[in-house]
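In: got a sequence here, can you build the structure:
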Amino acid sequence: MASRCFKFIMNRIIHLLLAASMVGSSLAQTAEESPQPTLLAQCAAPFVDHAVLQQKIELPVWGASLPGAQITVEFDGQSTSAVADKDGQWRVVLDPMDAVKLKSVNDSPEGKTMTITSEKDGQTAVKEIVDLVVGDVWLCAGQSNIAGTMRRAGHPKNYPPNSINNAKYPALRFITFPENKWQVCTPETAVSISRVSFFFARRVQRDALVPIGLMVTAVGGSNIESWLNQPPYPTGGNYTKLLSPWVGYGLRGAIWYQGESNEKDYRHYELKLQSLIQGWRKVWNQGDFPFYYVQLPGIGTSSLDNPAGGDGRAEIRQAYVETLALKNTGLAVTIDVGAKGEHPPNKYDTGVRLARLALHKDYGFEKLPICPLYKQHVIEGRTIRISFDYAEGGLMIARKEGFAPPVPTPDTPLQWLSIQDKDGSWHWADGRIEGSELVVSSKDVEEPMAVRYAYTQHPNGNLLYNKAGQPVSPFSTIGYGPELAPESEDSKK
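Out: Predicted structure coming up:
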């Protein structure tokens, strides 16, 4: 009995000692993460050497020093001051600046120095941030398909030849979290850039000829809830840890590639994506900045026995379409670059299609074709006539392989096209292209009611494009359609 009591007491003492050790370790870690304030200004995470600063906006610069310190920020002929508050926090705002116009993507703009002077009680400390350029900054976020870097994609099927060897772009720069170190794009550093972000930035820079900064924060397997920051959803862990340190840094816009971990949300993803966009715009306080996202590619296979569609990723793709109701949003269609697995190798076309959106909507390239979207339909007897936005140059049936543009296949039927009869039944349909419109019918349907195209898990093969080679988004003329009750366990057996 005494022996058991002794062992119990000793175990309890050891437990308490371990607990005390853990608390001490935690406190030490907290102290390391929150260094004591110094007179020398500490700037917010993105304000480090080689950064890109956003052009044409009132540009906030902020950080910490000693409480009551006088902070003066000088940059490109401007000088503005503030006093650090009781917690040592300070913030100034620079007047809008113009980006230097590049001669080519290989042009090397002259970097400038930001000087931050802190003064208190007769003491002065000066901090310099060097090689800063003014251009456009794009936030790039999501899960693994945007997190994947050029390094992990060395196989030739993952990007066009010489993408790395030719990556000498002094005005293309990127920062990732938690490293918080801006890197200039070279063949040596390009291997660390997100593939989607790299091809997005390279194309935007090629046409717009401005310095581009990429702020990349992405976590493989993360769901959208982890990135949310406003009611009715709780603030997510990835937002708190991986995004909030950057909130407020001057942006041109954002690109988003996520949804794989939420595909079972189906249509309910729409509310979450709207919350994400609105929540980020609110805390950034830079208006309705552009927000472009990837409509999920295909995965696995689709059955030819289900003309009604609605299976797999059909409804979550429709959720992306419905979210276009928000101002300054756009989607990149990727059904033709999908794969059986979760990580389609071709991120080149994905990045370029996102870039086309930005160029078309934000950089004055209104004539640059982007992915067509269903606009409206008219029932004409036994046919339904479909019209589209962004198909002014005409439509075509084509097939895409690898990085090459889609090859027209005018003598093949358009796949994954279906039509609904008045009795509610769905039938595979024929599609006839008339300029920029699609006329849909079926010999089995006399009184058609609705049309669906590519409204399934993995539509592939002979698909619909505009003449510029941009794929038409999957669509359903009745929107989501009726919501199906979840399958019971009995029905799955």
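In: next secondary structure after the helix-or-strand element of the chain with minimal mean pLDDT?
Out: Least confident helix or strand of the chain, by mean pLDDT, DSSP states H and E, is helix 2-33 with a mean of 37. Downstream of helix 2-33, the first helix or strand assigned by DSSP states H and E is strand 42-43.
In: that following strand pairs with which strands, parallel or anti?
Out: Strand pairing for strand 42-43, using DSSP bridges, gives strand 59-64 (antiparallel).
In: list the buried residues of the partner strand.
Out: 59-64 (16 or more other Cβ atoms under 10 Å). (Each C-beta comes from the backbone N, C-alpha and C, glycine too.)
In: dump that strand to PDB, restricted to CA.
Out: This file holds the C-alpha atoms of strand 59-64, laid out as PDB (Å, rounded to 0.1, in the frame of the first residue of the first chain):
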ATOM      1  CA  LEU A  59      -0.300  53.200 -49.800                       C
ATOM      2  CA  PRO A  60      -0.300  52.300 -46.100                       C
ATOM      3  CA  VAL A  61       3.000  51.500 -44.400                       C
ATOM      4  CA  TRP A  62       3.000  50.400 -40.800                       C
ATOM      5  CA  GLY A  63       4.900  48.700 -38.000                       C
ATOM      6  CA  ALA A  64       6.100  49.100 -34.400                       C
END
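In: which helices and strands does whichever helix or strand comes after it pack with?
Out: Heading C-terminal from strand 59-64, the first helix or strand you meet, by DSSP H and E, is strand 70-75. Helices and strands touching strand 70-75, by 3 or more Cβ pairs under 8 Å, 6 or more residues apart in numbering; DSSP states H and E, are strand 78-83, strand 89-94, strand 112-120.
In: ok, residues contacting strand 70-75?
Out: 41, 61, 65, 79-84, 90, 92, 94, 112-120, 132 (Cβ atoms under 8 Å, 6 or more residues apart in numbering).
In: which of the residues you listed are buried?
Out: Neighbour-count burial (16+ other Cβ under 10 Å) applied to the contacts of strand 70-75 gives 41, 61, 65, 82, 84, 90, 92, 94, 112, 114, 116-120, 132.
In: pick out the most distant pair among the residues you listed.
Out: Greatest spatial distance among these (Cβ to Cβ): K112 and K120, at 26.7 Å.
In: list the contacts of I299.
Out: By Cβ under 8 Å, 6+ apart, the residues touching I299 are 312-313, 338-342, 457-458.
In: JSON lines for the helices and strands packed on strand 70-75, including distance to E366?
Out: Conversion of these to JSON lines gives the following (distance: least, Cβ to Cβ, whole Å):
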{"stretch": "strand 78-83", "distance to E366": "33"}
{"stretch": "strand 89-94", "distance to E366": "31"}
{"stretch": "strand 112-120", "distance to E366": "32"}
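In: nearest to E446, of those?
Out: Judging the helices and strands packed on strand 70-75 by Cβ to Cβ, what sits closest to E446 is strand 89-94, at 65.8 Å.
In: run through the chain and note the low-pLDDT ranges.
Out: Within the chain, the segments meeting pLDDT under 70 span 1-35, 152-155, 484-493.
In: ok, residues contacting stretch 165-173?
Out: Stretch 165-173 is contacted by residues 50-52, 102, 105-109, 133, 135, 182-187, 190, 198, 201-202, 205, 210-214 when judged by Cβ under 8 Å, 6+ apart.
In: of the residues you listed, grab the buried ones for ChimeraX.
Out: The buried subset of the contacts of stretch 165-173, as determined by 16+ other Cβ under 10 Å, is captured in ChimeraX by this line:
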select :50,51,52,102,105,109,133,135,182,183,184,185,190,198,201,202,205,210,211,212,213,214
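In: walk me through the domains of this structure.
Out: Listed by automatic domain parsing, the domain ranges of the chain are 42-132, 134-362, 373-476.
In: and among those, the most buried is which?
Out: Greatest average neighbour count among the domains of the chain goes to domain 134-362 (a mean of 20), per mean count of other Cβ atoms under 10 Å.
In: could you point out the helix or strand that follows the longest strand anywhere in the chain?
Out: The residue-count maximum for a strand in the chain (DSSP state E) belongs to strand 123-142. Under the assignment DSSP H and E, the closest C-terminal helix or strand after strand 123-142 is helix 144-147.
In: let me see the contact set for P413.
Out: 397, 430-431, 462.
In: tell me which helix or strand N238 sits in.
Out: Assigned by DSSP H and E, N238 falls in helix 237-238.
In: what's that helix in contact with?
Out: By Cβ under 8 Å, 6+ apart, the list of residues contacting helix 237-238 reads 217, 219, 222, 226-227.
In: now do the helices in this protein.
Out: Assigned by DSSP state H, the chain shows helices spanning 2-33, 144-147, 195-208, 237-238, 269-284, 314-322, 348-362, 489-492.
In: what packs against the second one?
Out: In other words, helix 144-147. helix 195-208, strand 212-218, strand 253-257.
In: okay, these in TSV with distance to R356 next?
Out: Converted to TSV, the helices and strands packed on helix 144-147 look like this (distance: least, Cβ to Cβ, whole Å):
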stretch	distance to R356
helix 195-208	7
strand 212-218	15
strand 253-257	12
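In: quick one: closest of these to R151.
Out: helix 195-208 (9.5 Å).
In: quick check: angle from that closest one to strand 212-218?
Out: Using axes from the mean of the first three to the mean of the last three Cα atoms, to 10 degrees, the inter-axis angle of helix 195-208 relative to strand 212-218 is 160 degrees.
In: name the helices or strands packed onto helix 195-208?
Out: Contacts defined by 3+ Cβ pairs under 8 Å, 6+ apart place helix 195-208 against strand 123-142, helix 144-147, strand 169-176, strand 212-218, strand 253-257, helix 348-362.
In: let's see that with 7 Å instead.
Out: For helix 195-208, the packing partners by 3 or more Cβ pairs under 7 Å, 6 or more residues apart in numbering; DSSP states H and E come out as helix 144-147, strand 169-176, strand 212-218, helix 348-362.
In: and G300, which of those is closest to it?
Out: helix 144-147 (15.5 Å).
In: what does the closest one rub up against?
Out: Helix 144-147 is contacted from outside by 140, 194, 196-197, 218-221, 257, 260, 343, using Cβ atoms under 7 Å, 6 or more residues apart in numbering.
In: okay, and the beta partners of the residue most central in space within the chain?
Out: What sits nearest the mean C-alpha location of the chain, by Cα atoms, centre = their mean, is W256, with 1.5 Å. Beta bridges link W256 to A141, Y293, judged by DSSP bridges.
In: quick one, what contacts it?
Out: By Cβ under 7 Å, 6+ apart, the neighbours of W256 are 141-142, 291, 293.
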